[in-house]
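> Need coordinates for the following:
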Amino acid sequence: MPKKIDHEKRKENILKTALAVFADVGYREANLSLIAEKAGLSRPTIYQYFKDKDEIYYYAVKLVTGHLFAELSEMAFNEEIGSEIDRIIAICTRIVDYAISAEAELTRLMEVMLHEKEFNKDFSEIIYKRTAKLSILFKRLLSRGIQKNTIMASCNVDMTTRHIFSLMESFCFQIAFFKNFNREESLDFVKSYLMFFKV
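Below is the predicted model of the structure:
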């Protein structure tokens, strides 16, 4: 009887292997043959899942961010967590904790981005597509808080969203590259910033 293949597990293995290969030899030097060899698969098997390494990188970003977004969406509309500000703080806390737990993958994604920047390869559109929903969540919560009078009417929703998002980006970068990232101090900073807007 032929062995049943878990295609999702295999796909995830290819993505994680590809990230390691990209980090080791650089995105430019990496190829599907090398990824296949390191994953213990044939090149035609890789082609069953991905057409090229750009697609692999896109799905690697999706792997790192995808598991999290459904959970954050639920948190955004869970009134048991508290006010809109409380929910934004809870979302930021979850993002930081997730980044800490996925540190190896995050580091590899960022190493590839930094390395390829030297060759004018820009991954920002891929990252933007995968994170745009998060900005929308923050905007909705801030707008709803203003409507419900739990957030100051003077809060500039777009600017505050950009600030929160920039903080999350900065924290993820620090988690990926600096061993002395201080979770508590960072989250306290987010809380003190957001509590300023709370009515």
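
> What ranges in the protein fall below the confidence cut-off?
1-3, 118-119, 121, 126 (pLDDT under 70).

> Now do the helix or strand hosting L187: which elements does it pack against?
Assessed by DSSP states H and E, L187 sits inside helix 183-195. Where contact means 3 or more Cβ pairs under 8 Å, 6 or more residues apart in numbering; DSSP states H and E, helix 183-195 is packed against helix 84-101, helix 157-177. Where C-beta positions appear, they are placed from N, C-alpha and C, glycine not excepted.

> Who are the packing partners of the next helix or strand after the first one?
Going back to what we said before, that points to helix 84-101. Of the helices and strands lying after helix 84-101 in sequence (DSSP H and E), the nearest is helix 103-117. Helix 103-117 is packed against helix 7-25, helix 53-76, helix 157-177, with contacts defined by 3+ Cβ pairs under 8 Å, 6+ apart.

> Count residues in the vicinity of the residue nearest to G82 when sequence neighbours are not counted, would you?
Closest residue to G82 apart from its sequence neighbours, by Cβ to Cβ, 6 or more residues apart in numbering: A90 at 7.7 Å. A count of neighbours around A90, defined by other Cβ atoms under 10 Å, yields 16.

> now do the one 4 residues further on
For R94, the neighbour count with other Cβ under 10 Å is 14.

> isn't it right up against A70?
No. R94 is beyond contact range of A70, at 11.7 Å (criterion: Cβ atoms under 8 Å).

> thinking again about what came up before, in terms of contact, does the residue nearest to G82 touch I81 like I think?
Yes. Using Cβ under 8 Å, A90 is in contact with I81, at 5.1 Å.

> Please name whichever of the helices and strands packed on helix 183-195 is nearest to K129.
helix 157-177 (14.3 Å; Cβ to Cβ).

> by how many degrees do that closest one and helix 183-195 diverge?
180 degrees (axes from the mean of the first three to the mean of the last three Cα atoms, to 10 degrees).
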